[in-house]
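Peer 1: Need coordinates for the following:
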Amino acid sequence: QVQLVESGGGLVQAGGSLRLSCAASGRTVSRYNMGWFRQAPGKEREFVAAITVSDGSTNYADSVKGRFTISRDNAKNTVYLQMNSLKPEDTAVYYCAVDVFSRWLRIGVTEYLYWGQGTQVTVSS
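Peer 2: Below is the predicted model:
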């Protein structure tokens, strides 16, 4: 079993930055790929970014490419999402998740087994 706790969300003006953290407990996640997803009101949860456990390879949604950076600290059992140049359309609840089944980077919501409770990010215009 894995417990994930996200933090770092908040209210920021457009163009600003936030750094989200996802701390894992209960089971080391250093063996697994991890991802960030988000869900805006009235919309489906969508992929944001993912990172491998093996070599730190990353994958990003086109909408955040060049603005967001995912990273991980396996010693701290933590994954991060640095978000720069934030836009109002980035407003959503952000979730981290663990993929225990595959060593390939995946973007499907159903492919991730463990999820955190989410942290709200609100970007004002």
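Peer 1: The nearest residue to residue 84 once chain neighbours are set aside: how many residues sit nearby?
Peer 2: Nearest non-adjacent residue to residue 84, counting by Cβ to Cβ, 6 or more residues apart in numbering: residue 17, 4.7 Å away. For the C-beta atoms, the positions are set from N, CA and C on the backbone; glycine is no exception. By other Cβ atoms under 10 Å, the residues close to residue 17 number 11.
Peer 1: Tell me the pLDDT of residue 17.
Peer 2: Residue 17 carries a pLDDT score of 98 in this model.
Peer 1: So, low pLDDT: which residues of this structure?
Peer 2: Residue ranges of the chain with pLDDT under 70: none are present.
Peer 1: tell me the contacts of the most centrally placed residue in the chain?
Peer 2: Nearest to the mean C-alpha position of the chain, by Cα atoms, centre = their mean, lies residue 36 at 2.1 Å. Residues near residue 36 by Cβ atoms under 8 Å, 6 or more residues apart in numbering: 20, 22, 48-50, 70, 79, 81, 94-97.
Peer 1: Just the closest of these to residue 57, please.
Peer 2: residue 50 (8.9 Å; Cβ to Cβ).
Peer 1: pretty sure the closest one is touching residue 56, no?
Peer 2: No: the pair residue 50 / residue 56 is not scored as a contact, 11.1 Å apart, by Cβ atoms under 8 Å.
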